[in-house]
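In: give the three-dimensional model of this entry:
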Amino acid sequence: SCLTAHSLGAKNTIARVRNAEYAVQSEFYMEKFGLSMTINPDFTAAREIERLLHFPQATKIELFGKGRCELAEMKIEHGNAIIGKTLFEINQKMKMNILICAIVRDKNIFIPNGDDIVKEGDVLYITGSPKAINESLEKMNIKVRRISSVLIAGASRIGFYLSKMLEKDGVNVTVVEKVHSKAAELAGNVPGVSVMCSDAMEYFESMSEADIKNTDAFVTLTNNDEYNLIAGMLAEKRNVYKVVTKMNSHSALKELQMNTKICSVSKESAVTDIIIGYSRSLLAAENFDAISSLYRLMDGKLEFVEFKVTSDEAYLGKLIKELQVKKGYIIASLMPNYKNRQSRSCNTYYTASSDGYIFGHLEHTKDGSTGGFNIYIDDVNVRLTDRGTDYGEDVFLFPIRKGSSYRATTGYDGSCALAFVPLN
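Out: So this is what the prediction gives:
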């Protein structure tokens, strides 16, 4: 159908691809048939579940900038250290390098400012690097637990993709499927996964307390929404750390899990959001061709747009605080184009040829030295860290104006990779 549409002059075509072999070679078919996008609903749902298992404290995860920035949806539970704190205090006093870009309170969404206070029960949308978000969770008194053992109910296509993803990540996976032919097929396709031919509820009931305690996550992927929800609620009652259920996007059963910690995933919703986001990007691109993607959350009430800054924009080179951003909008993240980076040597003076960033990676060793690592912009030390004898790694990023001098100095036996990233 897409090939016919393309031959008739359609500029953009999207094809649903469910076959696993076709999905693996999607780029080949996109080029061969002139497709703008291919979507595998089952793979898309599995990827969303995998992200939730990698960040179990969140109820939804989206990635920006090829994984360099995460958008996490998270509910603030009792005992969280940021309850009663303003956003300014969270950033400045608690030293959390994240941005709370939206708050849902009593079903109302608003863009907060520095004086807004976080309350128990709020749902926050947080952006930051994966490392910064994990560090912030510890400061919130949230125990970060790695998912290492997952029990999956249902050997569906989603179960197949999810099992392969988790197995590749080194997670112990057990799949329970009552239909023997499906169980045998999955066991043959994913040999590293344990497959049990049984009813998931009966299997779960037969597990000992020790087995349940060692099960970090329970994922229900059968074609029965009622079954998935009941099984998920049972798992939550048995104190399984993370519970994810597959649910039809229009199912009224979602209301029953509103006051639980169960996360629901709908492959229909996941695919719809991708298509609508792509379509909105095309519409917006008529006036602004730098938009690369668009994400919809809260049934479209909240949108996140990712776009590229071009060389002829009027706001190029300005500080973010100098920009006149409309009410209800916020700039959540800035990701330099590292493809244009220019390598630099440490302990050498340079002059910025344009506005840009100093970007680099530092590795320090246990050699007993006590020297620090310094970055100078116009001979002003903007970063001073005394690492002592501890081993570690660090990544740094500083803005710099055209014509300013800069250099990095090291005072110990370590390695430093330095680069200048121009804005244009």
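In: what's the neighbour count on Leu302?
Out: Other residues near Leu302 come to 16 when the count uses other Cβ atoms under 10 Å. Placement of C-beta: from N, CA and C, glycine included.
In: what about it, distance to Asn141?
Out: 27 Å (Cβ to Cβ, to the nearest Å).
In: cool, Ser353 as well?
Out: Taken as Cβ to Cβ, the span from Ser353 to Asn141 is 46 Å.
In: same question, Asn97
Out: 17 Å.
In: do the same with Glu306
Out: To Asn141, Glu306 is 32 Å away according to Cβ to Cβ.
In: and Met94, by the same measure?
Out: Separation of Met94 from Asn141 (Cβ to Cβ) stands at 11 Å.
In: overlap in contacts, those two.
Out: Counting by Cβ atoms under 8 Å, 6 or more residues apart in numbering, the contacts common to Met94 and Asn141 are Ala81.
In: more neighbours: which of Glu306 and Asn141?
Out: The residue with more neighbours, out of Glu306 and Asn141, is Glu306; 20 against 12, by other Cβ under 10 Å.
In: for the spatially closest residue to Val382 that is not a sequence neighbour, name its beta-bridge partners.
Out: Spatial nearest neighbour of Val382, excluding adjacent residues (Cβ to Cβ, 6 or more residues apart in numbering): Ile375 at 5.4 Å. On the basis of DSSP bridges, Ile375 is bridged to Arg383, Ala408.
In: where along the stretch 51-200 of the chain do the helices fall?
Out: 87-92, 130-139, 157-168, 180-189, 200-206 (DSSP state H, counting those that start in this stretch).
In: highest average neighbour count across the ones you listed?
Out: Most buried of these by mean neighbour count (mean count of other Cβ atoms under 10 Å) is helix 157-168; its value is a mean of 22.
In: point out where the stretch 51-200 of the chain drops to low pLDDT.
Out: Within the stretch 51-200 of the chain, the set of residues satisfying pLDDT under 70 comprises 65-67.
In: which parts of the stretch 201-350 of the chain are strands?
Out: Along the stretch 201-350 of the chain, the stretches classed as strands by DSSP state E, counting those that start in this stretch are 217-220, 242-246, 263-265, 291-297, 302-307, 342-344, 350-351.
In: quick one: closest of the ones you listed to Gly232.
Out: Closest to Gly232 of those is strand 242-246 (Cβ to Cβ; 4.2 Å).
In: now do the closest one, average pLDDT.
Out: Averaging pLDDT along strand 242-246 yields 93.
In: neighbouring strands for that strand, and are they parallel or not?
Out: Its sheet considered, strand 242-246 pairs with strand 217-220 (parallel), strand 263-265 (parallel) by DSSP bridges.
In: report the angle between that strand and helix 157-168.
Out: Calculated by axes from the mean of the first three to the mean of the last three Cα atoms, to 10 degrees, strand 242-246 forms an angle of 150 degrees with helix 157-168.
In: strand 242-246: how far from the chain's middle?
Out: 18 Å (Cα atoms, centre = their mean, to the nearest Å).
In: residues in contact with it?
Out: The contact list for strand 242-246, computed with Cβ under 8 Å, 6+ apart, reads 45, 49, 52-53, 56, 147, 154, 158, 216-222, 225, 228-229, 231-232, 235-236, 257, 261-267.
In: can you rerun that using 6 Å?
Out: 49, 52, 56, 217-221, 228-229, 232, 235-236, 262-265 (Cβ atoms under 6 Å, 6 or more residues apart in numbering).
In: and the residues you listed, which are buried?
Out: Those of those that meet the buried threshold are 49, 52, 56, 217-221, 228-229, 232, 235-236, 262-265, by 16 or more other Cβ atoms under 10 Å.
In: what strand or helix carries Leu418?
Out: For Leu418, the host element (DSSP states H and E) is strand 414-422.
In: what average pLDDT does that strand get?
Out: The predicted model assigns strand 414-422 a mean pLDDT of 71.
In: can you check stretch 216-234 too?
Out: In this model, stretch 216-234 carries a mean pLDDT of 92.
In: and it, C-alpha only, in CSV?
Out: The C-alpha trace of stretch 216-234 is given here as CSV (Å, rounded to 0.1, in the frame of the first residue of the first chain):
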residue,chain,number,x,y,z
ASP,A,216,12.0,-7.8,40.9
ALA,A,217,9.3,-7.3,38.3
PHE,A,218,6.1,-8.9,37.0
VAL,A,219,4.8,-8.1,33.5
THR,A,220,1.4,-9.3,32.2
LEU,A,221,1.1,-9.5,28.4
THR,A,222,-1.9,-11.7,27.8
ASN,A,223,-4.7,-10.7,25.4
ASN,A,224,-7.2,-10.4,28.3
ASP,A,225,-7.2,-7.0,30.0
GLU,A,226,-9.1,-8.3,33.0
TYR,A,227,-6.7,-11.1,33.5
ASN,A,228,-3.7,-8.8,33.2
LEU,A,229,-5.1,-6.3,35.8
ILE,A,230,-6.0,-9.0,38.3
ALA,A,231,-2.7,-10.7,38.0
GLY,A,232,-0.9,-7.4,38.3
MET,A,233,-2.9,-6.4,41.5
LEU,A,234,-2.1,-9.8,43.0
